[in-house]
Every structure is written in C-alpha cells, then in structure tokens.
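Q: predicted model, plus sequence, below.
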Amino acid sequence: MVYLSLVAALAVILLGAKFFTNGVEWLGVKLGLARGAVGSVLAAIGTALPETMIPVVAILLGHGTASHEVGIGAILGAPFMLSTVGFFLAGMTAVVLVRRRGSARLRPEPDVLQRDLSFFLAAYTLAIMAAFLPPFLRPAIVLFLIGGYLAFVVRALTQGERCGSGDGTGPLLVAPWSPDPHTFLVLGQVACAFVLILGGAKVFVQGIGILAHQFGVAPLIFALLVAPVATEMPELFNSLIWLREKKDTLALGNITGAMVFQSSIVPAIGISFTAWQLTPAALVSAGLALTSAWAAFLYGRRLGYLGGWLLAGMGGLFYLSFVVMVISGLT
C-alpha cells in the first residue's frame, strides 16, 4: 500500500509540475519579469516550500534534541540534494535528449547562472561558518543571510531579458484557446498546481518516512538523504520539463534559485532557533555541496555553458560518495 501511494504521489507531483511550469511562465509574462527571475525566484520559492516545512516544523514545533537534529539535517540536506542529484538529473536529461536538444550542453543565460551560484556559495559558506563562531556573533550572520537573499531577489527581478509570450511560452493549459489569457486564470492555474505539488509531496514524504522507519534509518540520515529526495521532486520535475522544452535558463534557475533560498533563509531559521552544532556527516554533505557548486560555477564562467556529462558525472559521484561514507560509518 505504501508503494502504491508513492507512485500516486509522484504522478500528482508530475501533473502539478506541468501546470506549474506553464503557469509560472505566463505569470512572468504578465508581470514583465526577467526570464531568470521566473526560474530563480518565482518557481524556486514556490517549489522550495515543501522541503522548507520539514526543518521549520521540526525546529519550531518539535521537542528535544532529536527534533533539532532532524531540522538541521533537513536544512543541510536540501542544498546537498540539489547540487548533487539535481545536477545529475539535469545533466542526464540533456544527454538523453541530445537529439531533441541538438547538444548535450546546457546553455542558461551566463549572467543568471553566475549570479545564482555566487550567491549560493557566499551564503552557504557563511551559514556553515556560523557553527564555528561564538553565539553572540550569530545574529549578525542571520541578518547577513536574510539581507543577502533580499538583495538577490531585487537583482533577479530587475536584471536580465524580459519574458514575452512569443519566446516559446505555450498556451496556458487551462485556457489553450486564448492567446492572451486573463491574469486571474494564470494565478488560478499556478495556485491549483502548487496545491497539487504540495499535496503530492506531503504524501510522498509520509510514505518515505514510513519506509525509513521500517528499515531503521537514523533521524539525521533520514533528514540528510531520504527526506530531501522526496521534497526536492517539485524542483526536479519542473527542471526536467523545462529542459525538454530547451528552456535551460528556467530549468537551471529553478535548481540554483532554490539552492540560494535553501542556503540563506532556511539556515537563518536553524541558526536562530537551534544550537547549530553540525555533525561530521552534516559537514561532509555541506562540503560536497559547495564543491559541486564551485565546479559548476568555474566551468560555466570559463566556457559559458555546462556540459551534460559533467553535471551528471559530478552530481552522481558526489551523492554516491556520501551514501557510501554514511553506510560504511566513515561520517
């Protein structure tokens, strides 16, 4: 029964992602936003909410050390999963669809990619450093993280090429007959799609939690490895849909924009309401996430694109390395 619910939940998430990506593109057109802002801000924040709820609930509503451990693990698990499994799936999609796309290279707008990854690297490094600083300095770190994300949003919304209905945006799915659907229909589709994604993610997380309990997975490992796989599904499905449509800026922006959100706003909550003591496993996951992001940042900065094989190989290697270290007890 659990496995059937997982399959059904995945189907609901995929359906919601299809309507969400289409709707959020039209929302960008209606609001006159930069294309990079649609993926890195609108889509990223919307699809980041399911996994954000895990640490928020665990930290603010939970009791005892175990709840805080799950919360911290979930906070660090999201950037790790996006920068490993997220990059792996994006790269593999480009490789598998090489005939449809014409190349295995991913070509997001270079400025968008560099902006997102530079903000992530700065914010996440600062969040990890907070664990080694005296407690009286941590409020300043929290202010820097929140202020940095607000600066990121402002920059994303004000810079870059604007969206337009003629740049490959298909008809609004709930109004395919209309070349210029009403904003109310666009907002309604986005809201309903988000509810589908949120509902599907909730059922999926519950099912994964039951399986983790049955197999005796430790709380921290569940938070670092298992829960993020479930809760990152919205971002991953959105990105795969956009990659199939050759909209690399939106696809990569959904992943890297979520990384920025998950490395600034969410750690600010953990730093504020927990002792923010990071275990060796948590530090290793953070180190791998930063290494993966640095590699993508330097590669994209030098060549102006990201190779599909590079992303797939790097992301898969880092994720499997961490799993092996956890299973073998090295972390």
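A: Sure, I can see it. Numbering: from 1, shown residues only.
Q: which parts of the stretch 151-300 of the chain are helices?
A: Ranges of helices within the stretch 151-300 of the chain are 183-214, 219-221, 227-231, 233-244, 248-273, 280-303, based on DSSP state H, counting those that start in this stretch.
Q: what's the closest of these to F136?
A: Checking the helices of the stretch 151-300 of the chain against F136 by C-beta to C-beta gives helix 248-273 as the closest, at 12.6 Å. The C-beta positions use only the backbone N, C-alpha and C, and glycine is treated the same way.
Q: mind listing what's buried along that closest one?
A: By neighbour count on 16 or more other C-beta atoms under 10 Å, the buried set for helix 248-273 is 248-271.
Q: same question, stretch 145-153
A: Residues 145-146, 148-149, 152-153 are the ones in stretch 145-153 that count as buried (16+ other C-beta under 10 Å).
Q: and what of stretch 294-301?
A: For stretch 294-301, the neighbour count (16+ other C-beta under 10 Å) marks 295-297, 299-300 as buried.
Q: for the helices of the stretch 151-300 of the chain, give me a markdown table that also has mean pLDDT and distance to L10.
A: Listed next are these as a markdown table, based on pLDDT from 0 to 100; distance: least, C-beta to C-beta, whole Å:
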| stretch | mean pLDDT | distance to L10 |
| --- | --- | --- |
| helix 183-214 | 79 | 7 |
| helix 219-221 | 61 | 22 |
| helix 227-231 | 63 | 10 |
| helix 233-244 | 80 | 7 |
| helix 248-273 | 92 | 18 |
| helix 280-303 | 94 | 24 |
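Q: and the residue nearest to L27 when sequence neighbours are not counted, what does it touch?
A: Spatial nearest neighbour of L27, chain neighbours left out: V186 (5.4 Å); criterion: C-beta to C-beta, 6 or more residues apart in numbering. Going by C-beta atoms under 8 Å, 6 or more residues apart in numbering, V186 touches 23, 26-27, 30, 172.
Q: between the residues you listed, which is closest to G316?
A: G23 (31.3 Å).
Q: other SSEs contacting the strand or helix carrying the closest one?
A: Assigned by DSSP states H and E, G23 belongs to helix 2-31. Here helix 2-31 touches helix 44-56, helix 183-214, helix 233-244, going by 3 or more C-beta pairs under 8 Å, 6 or more residues apart in numbering; DSSP states H and E.
Q: most tightly surrounded among these?
A: Counting by mean count of other C-beta atoms under 10 Å, helix 233-244 has the highest mean neighbour count of the helices and strands packed on helix 2-31, with a mean of 25.
Q: please tell me how far the closest residue to I255 other than its chain neighbours sits from S263.
A: Distances taken as C-beta to C-beta, 6+ apart place G86 nearest to I255, at 4.6 Å, with adjacent residues excluded. G86 sits 13 Å away from S263 when distances are taken as C-beta to C-beta, to the nearest Å.
Q: then S5?
A: 31 Å.
Q: F87 too?
A: The value you get for F87 to S263, if C-beta to C-beta is used, is 15 Å.
Q: can you tell me which residues contact the residue most central in space within the chain?
A: The residue lying closest to the centre of the chain (C-alpha atoms, centre = their mean) is A258, at 3.8 Å. Neighbouring residues of A258 by C-beta under 8 Å, 6+ apart: 44, 47-48, 78, 82, 232, 235.
Q: surely G148 and A123 touch.
A: Yes: taking contacts as C-beta atoms under 8 Å, G148 lies within contact range of A123: 5.5 Å.
Q: hey, what's in contact with both of these two?
A: By C-beta under 8 Å, 6+ apart, the residues touching both G148 and A123 are S264.
Q: could you list the low-pLDDT ranges of the stretch 1-150 of the chain?
A: Within the stretch 1-150 of the chain, the segments meeting pLDDT under 70 span 50-51, 53-54, 57-58, 61-67, 70.
Q: let's go with 80 and repeat that
A: The stretch 1-150 of the chain contains residues with pLDDT under 80 at 1-3, 6, 9-10, 13-14, 17, 34-36, 45-71, 73-74.
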